[in-house]
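Trainee: Could you work out the structure for the sequence below:
(chains A and B)
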Amino acid sequence: MPTLSDISPRSAAWVTPPMLVLGFVMLSAPLWLGAVGLYQYLGIEIAIWMIYALGFNLLFGYTGLHSFGHGAYLGVGGYAFGLFQHHVGSSLWGGLAAAILAAGLAGVLVGAAVSHRRGIYFALLTIAFGQVFWFSSIKLHWLTGGEDGLLNIPRPPLDLVFLEVPLGDNLSLYYFVVAVLALAILALWRMVNSPFGRILQAIRQNEMRAAFVGYEVWRFKLMAFVLSAMFAGLAGGLFAMAQESAYPDVMSLHQSGLIVMMVLVGGGLVSFWGPVLGVVLYFVARDVLGALTETWLLWYGLMFMAMVMFRPEGLAGVLHRLRRRPEPGATPRPAASEGA
Amino acid sequence: MVQLAPHLFNGLTLGLLFALIALGFTLIVGVMEVLNLAHGSLFALGAYIALTMIDPGWAQNTALGSFWLGLPIAARYAVALAFAPLLVALAGMLLERCLRPTYDKAPLYGLLLTFGAALVIEELIRLGWGTGERHLPVPGAINGAFFFGGLIFSKYKIFAALFSLAAIGAVWFFLERTPYGAIIKAGAHDSEMVRALGYDLARLRMFVFGFGAALAGLAGIVMVPIWGLRPHVGIDVVIPAFLIIVLGGVGSFWGAVVASILVGLAVGVTGAYAPAWSLMSMYLLLIAVVCYRSRGLFGRKSALER
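Mentor: I've put the predicted structure just below:
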């Protein structure tokens, strides 16, 4: 199985062919979404979840830290965005900044406690913390509205100093989210191909060796955790805006497990673009299979099980294998030992 | 000052019930080093199968069905308690078969596979038994309430607590005092040596998984009259089981039992002062313990830390 560190063609480039393809698809989507039986709001959801999944993969795929409670930061971001609009003032930038900062703060608190842990204990602690956030969001009725959620979150207009664009309709919100997605992808792409990103990958491959080389491993784990929480918070803020409300549901273990499924099915363990593929596959499966049968999760779950059993490298890994035809006489190189 | 004694008692019974849930889970973790996220779904499956066994509504027009429904409910309950877990064991063995490709990979894959299986089982339950809340009938003798020392107790809770006490004892006896238990423990300790001694490791693993699944199903039948039966009851169950295993230390039998009772007491006592937050206390207990003792109360080093 190839790893994330093997597939990074032209890593030094700021813009790569997959980015152009994704950009073209996302920008042209409003023209054909309706024609293939989908709808504009789905595009917003997919773009938001791409931000979430790509940020999550910084932690899950690149650093090899398997968080099963990441929905918490998405939720915190959503609530922070909504509370900012309700109590501080209607502002897009303020709301998004609040979402990112609040999720980052939650990430620092949790990350400080989990960054010394590894393997299954890390996963378990993230589950426990995720549950604490989920539970609090249900019980702190005065703050979050409890299970009813935080309602009536406005969609503040995009304020670009010299011009103001209303984001009330789904099309303009879609383009705004795609623009944020583009920025997020650029930031993450630079990050994973920077020395910092290399250290994260070194920690995944062999934490002890990375420590012996002289890196303070837990600091980098903490940084990866906080950064990925901040991306989740950004996605959460955008999602609260899209839904015009925020609910505790996104913080549940079920939802946190789904993002892990999306990233893995797409091939987040072998490619930067895996999470993108996984998110598209999940939402299209939800809407297309969901229209055909009420039990679409059964089929999605079976597909996921088959994938884990036979193709754990996910969609991106399968594509990679198809594209790179085996050279005659080439011997497969020994697999790098993965501490993941 | 809230009177504490009844809450302590409540917490203790709850702890024993948690222990029953965690038994199968700790067995599978300890022997196979797989965190079986489908444990809760197997728990639900056991309860649903028992429901169909006790009250097969569709069969009442057949001769056998009407004879069966003519039996007293206690007899039908006993039969379901004995046989439904065996069917769950079959489902568990099937799941073990699916898990085989993940044995030589990182523990993450086993976790993910069982998460997928949990989704699939939950959806199958929705298909087979509908999405609504169901009610598992229990015999009249253990239903209702009684007074003792001026306090009111639920008979069923006492029955369930005693039942789990008996189950803990039986599993302990099986693991510690029989040759089969010795082989299972040896398989957890050094699987290569067990294979070298001529035991079929594949069959051993399948048996252990089936046994763990049967315990999950058994716990399901005993618990759902208290907790209610919904398709997603699995996820409500697997999380306490999970916490208990980590709190007690992965793979430690007594660790799991002690942790269950601690969690039960924490939930019970918090229930006395802040009922809305009682379930939160177990997460906080876990975080407090694991931040200081990363392997839990009785944990040893295990392959899951890689």
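Trainee: Report the contact partners of the spatially most central residue of chain B.
Mentor: With distances taken as Cα atoms, centre = their mean, B:I21 lies nearest the centre of chain B, 2.5 Å away. B:I21 makes contact with B:39, B:43, B:216, B:219, B:223, B:237, B:240-241, B:244, B:260, according to Cβ atoms under 8 Å, 6 or more residues apart in numbering or on different chains. Every C-beta, even on glycine, is put in place using the N, C-alpha and C of the backbone.
Trainee: cool, and A:L33?
Mentor: A:39-40, A:42-43.
Trainee: got it, and B:I239?
Mentor: B:I239 neighbours (Cβ under 8 Å, 6+ apart): A:127, A:131, A:253, B:40.
Trainee: List phi and psi for B:L229.
Mentor: phi -120, psi 110 (degrees, to the nearest 10).
Trainee: Compare the contacts of A:L33 and tell me which is most surrounded.
Mentor: A:G43 (22 neighbours; other Cβ atoms under 10 Å in any protein chain shown).
Trainee: Now the helix or strand where that residue lies: buried residues?
Mentor: Assigned by DSSP states H and E, A:G43 belongs to helix A:40-57. For helix A:40-57, the buried set under the neighbour-count rule, 16 or more other Cβ atoms under 10 Å in any protein chain shown, comprises A:42-57.
Trainee: ok, back up a step: and which of the contacts of B:I21 is nearest to B:L90?
Mentor: B:A216 (12.7 Å; Cβ to Cβ).
Trainee: where do the helices sit along chain A?
Mentor: A:17-32, A:40-57, A:71-87, A:92-114, A:119-139, A:141-144, A:170-192, A:195-205, A:207-213, A:217-243, A:253-266, A:274-292, A:296-310, A:314-323 (DSSP state H).
Trainee: separation between B:A89 and B:G46?
Mentor: Distance of B:A89 to B:G46, given as Cβ to Cβ, to the nearest Å: 10 Å.
Trainee: Comparing those two, which shows the higher neighbour count?
Mentor: Remark: of B:A89 and B:G46, B:G46 carries more neighbours, 31 against 24, as counted by other Cβ under 10 Å.
Trainee: quick one on the thing from earlier: which neighbours do B:A89 and B:G46 have in common?
Mentor: With Cβ under 8 Å, 6+ apart, B:A89 and B:G46 have common neighbours B:G217.
Trainee: Can you pull out the low-pLDDT segments for the stretch 1-150 of chain B?
Mentor: B:1-2, B:57-60 (pLDDT under 70).
Trainee: which regions of the stretch 151-300 of chain A sit below the pLDDT cut-off?
Mentor: Ranges of the stretch 151-300 of chain A meeting pLDDT under 70: none found.
Trainee: Of all residues in it, which one is closest to chain B?
Mentor: Distances between the stretch 151-300 of chain A and chain B by Cβ to the nearest Cβ are smallest at A:L298, namely 3.6 Å.
Trainee: Tell me how many other residues surround that residue.
Mentor: 19.
Trainee: which residue packs closest to A:L173, ignoring adjacent ones?
Mentor: Once flanking residues are discounted, A:L173 sits nearest to A:L167: 4.6 Å by Cβ to Cβ, 6 or more residues apart in numbering or on different chains.
Trainee: contacting residues for the one you found?
Mentor: A:92, A:155-158, A:173, A:176, A:241.
Trainee: top of the residues you listed by neighbour count?
Mentor: When those are compared by neighbour count (other Cβ under 10 Å), A:M241 ends up highest, at 28 neighbours.
Trainee: how much space between that residue and B:L16?
Mentor: On the measure of Cβ to Cβ, A:M241 and B:L16 end up 48 Å apart.
Trainee: before we move on, back to that, and the helices of chain A, which is most packed in?
Mentor: Of all the helices of chain A, helix A:71-87 has the most neighbours on average by mean count of other Cβ atoms under 10 Å in any protein chain shown, namely a mean of 27.
Trainee: how far does that helix sit from the chain's center?
Mentor: Chain-centre distance of helix A:71-87: 17 Å, with Cα atoms, centre = their mean, to the nearest Å.
Trainee: likewise stretch A:313-320?
Mentor: On Cα atoms, centre = their mean, the centre of stretch A:313-320 falls 18 Å from that of its chain.
Trainee: Let's see that stretch as PDB, backbone CA atoms only.
Mentor: The C-alpha trace of stretch A:313-320 is given here as PDB (Å, rounded to 0.1, in the frame of the first residue of the first chain):
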ATOM      1  CA  GLU A 313      -6.000   2.400   0.500                       C
ATOM      2  CA  GLY A 314      -9.300   3.800  -0.600                       C
ATOM      3  CA  LEU A 315     -10.500   5.400  -3.900                       C
ATOM      4  CA  ALA A 316      -7.400   7.600  -4.300                       C
ATOM      5  CA  GLY A 317      -5.200   4.500  -3.900                       C
ATOM      6  CA  VAL A 318      -7.100   2.500  -6.500                       C
ATOM      7  CA  LEU A 319      -6.900   5.400  -8.900                       C
ATOM      8  CA  HIS A 320      -3.200   5.700  -8.200                       C
END
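Trainee: So is that stretch next to chain B?
Mentor: No: on the criterion Cβ under 8 Å from any Cβ of the partner chain, stretch A:313-320 is out of touch with chain B, staying 11.0 Å away.
Trainee: contacting residues around that stretch?
Mentor: A:1-2, A:7, A:264-271, A:273-274, A:277-278, A:281, A:307, A:311, A:321.
Trainee: What parts of the stretch 51-200 of chain B come near chain A?
Mentor: Residues of the stretch 51-200 of chain B lying near chain A (Cβ under 8 Å from any Cβ): B:98, B:101-102, B:105-109, B:111-113, B:115-117, B:119-120, B:122-124, B:126-127.
Trainee: are any of the residues you listed buried, and which?
Mentor: Of these, these count as buried by 16+ other Cβ under 10 Å: B:98, B:102, B:106-109, B:111-113, B:115-117, B:119-120, B:122-124, B:126.
Trainee: Please give me every residue in contact with A:G278.
Mentor: A:53, A:261-268, A:314-315.
Trainee: Columns distance to B:P72 on top of these, output as CSV?
Mentor: Formatted as CSV, those follow (distance: Cβ to Cβ, whole Å):
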residue, distance to B:P72
A:A53, 55
A:M261, 46
A:M262, 51
A:V263, 53
A:L264, 50
A:V265, 50
A:G266, 55
A:G267, 57
A:G268, 56
A:G314, 54
A:L315, 56
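Trainee: Let me know the closest of these to B:G65.
Mentor: Nearest to B:G65 among these is A:M261, at 41.1 Å by Cβ to Cβ.
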